[in-house]
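1. Pasted the sequence and its predicted model underneath.
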Amino acid sequence: MRIVYKDTFLIRLEDQIEFISLDSIKRARKFKSDLLNRIKEIPSNPYQYRKSIYFQQDDIRDLIFKGYTIVFRITQMRIEVFGFVKYQEGPSDQ
């Protein structure tokens, strides 16, 4: 299974990296590296992650990483990473 990063994810991730880098470039790089390494682990067992609180579909899951929710869709051929939000209890907390 391959991982596909959607533009919505990449834009939000880069915005967050830029924000973190205002405080520390080293921490920003480490955050990005650690996050991408966690995402690379998804294909080994994608259904271990919780069902998304944002969608009512079994194939959409949430990876929690340092207070952020990374939302991804599981298909037969790939993992589509498309969401990156600060952790919230539910969709109504926005």
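-> The structure has been received and is ready for your questions.
2. centroid residue for the protein?
-> Among the residues of the chain, the one closest to the centroid is residue 70, at 2.1 Å (CA atoms, centre = their mean).
3. Go ahead and list the helix or strand containing that one.
-> Take DSSP states H and E as the rule and residue 70 turns out to sit in strand 68-74.
4. Could you point out the helix or strand that follows that strand?
-> strand 78-86.
5. just the helices in the chain please.
-> Assigned by DSSP state H, the chain shows helices spanning 7-21, 25-40.
6. Any idea which of the ones you listed gets closest to residue 83?
-> Smallest distance to residue 83 across the helices of the chain (CB to CB): 6.4 Å, for helix 7-21. Glycine gets a C-beta too; all of them are placed from N, C-alpha and C.
7. Buried ones in that closest one, by neighbour count?
-> Residues 9, 12-13, 16-17, 20 are the ones in helix 7-21 that count as buried (16 or more other CB atoms under 10 Å).
8. That helix relative to helix 25-40, how many degrees between them?
-> 150 degrees (axes from the mean of the first three to the mean of the last three CA atoms, to 10 degrees).
9. Which secondary structure elements does helix 7-21 sit against?
-> In this structure, helix 7-21 packs against helix 25-40, strand 78-86, with contacts taken as 3 or more CB pairs under 8 Å, 6 or more residues apart in numbering; DSSP states H and E.
10. between the longest one and strand 68-74, how many degrees?
-> Orientation note: helix 25-40 sits at an angle of 30 degrees relative to strand 68-74 (the same axes, to 10 degrees).
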